[in-house]
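1. pasting the structure only:
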């Protein structure tokens, strides 16, 4: 199995040995095509971004976004219609992320970095526009996963789980979330690699990096997607979108370059059982 370690701020992609993680400071003079940033906090957690500020929660949204990039003859519109009610936007302070519905009464799975150190109110916005307060039931920094409970929720549509162990390189996938607060955005692509080792910086300078074996995809993932769903062509959850590889830029901004990572659903399901 090929193993790569994606550093927090800068470094090179080297096979087969891991990259030495550089200090967690932005290097404006990083060499082209060798500097990398694994952006986890950028996906809307209140802790902000590794190399950019967090998404600000929109005061109003005039765009109804459902961007679908068809990569095959699959009926992606039907998949999106089926899965969108099971994916939510998680608003935390000045940041936002995404999440998936676990139960009809409002249990939500998201990334730990989306809600870590949340000092303000957490709200969950559903696909139909309804927004309700939520609290953290439990969180696990080592797996970068957290379970929320929405207050006053009922009749929700839980996400359908898939066996991530059966996922193959080249399988068609769809990513669903709220990049930059554009809720209900979907993108499609393929599984680019499996068992990709990803190392995400800790929430503070003293905390340890989070490492896990991830599903790699070229489906576009951007700030705000973190905690959202990566589903197969049957609309079943195969992963929780959690991080992206982004080349360094002098502006300190990052976006999708077609290298995204998701925590496999089998791992997520096991952690959910421990957190719930």
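-> It's in. Every value quoted in this text rests on a predicted model; they were computed, and no experiment measured them. Numbers count the residues shown, from 1 in each chain.
2. number of nearby residues for the residue nearest to residue 222 when sequence neighbours are not counted?
-> With sequence-adjacent residues excluded and distances taken as C-beta to C-beta, 6 or more residues apart in numbering, residue 222 is closest to residue 179, at 3.8 Å. Every residue, glycine included, has its C-beta placed from N, CA and C. Neighbourhood size, residue 179 [other C-beta atoms under 10 Å]: 26.
3. Residue numbering should commence at 27 henceforth.
-> Happy to do that; since the first residue is 27 now, the last one works out to residue 205.
4. Kindly provide the distance from residue 161 to residue 301.
-> To residue 301, residue 161 is 13 Å away according to C-beta to C-beta, to the nearest Å.
5. These two: which is more packed in?
-> residue 301 (18 against 12).
6. Quick one: classify the nearest residue to that one once chain neighbours are set aside as helix, strand or coil.
-> Leaving aside its sequence neighbours, residue 301 sits nearest to residue 164 (C-beta to C-beta, 6+ apart; 4.0 Å). Look at residue 164: counting by DSSP: H, G, I helix; E, B strand; the rest coil, its state is strand.
7. Name every sheet partner of whichever strand or helix holds residue 257 and say whether each one runs parallel or antiparallel.
-> If you go by DSSP states H and E, residue 257 is part of strand 255-258. Strand pairing for strand 255-258, using DSSP bridges, gives strand 198-203 (antiparallel), strand 263-273 (antiparallel).
8. just the helices in the stretch 177-302 of the chain please.
-> Taking DSSP state H, counting those that start in this stretch, the helices of the stretch 177-302 of the chain run over residues 291-301.
9. List the buried residues in stretch 295-302.
-> Residues 295, 297-298, 301 are the ones in stretch 295-302 that count as buried (16 or more other C-beta atoms under 10 Å).
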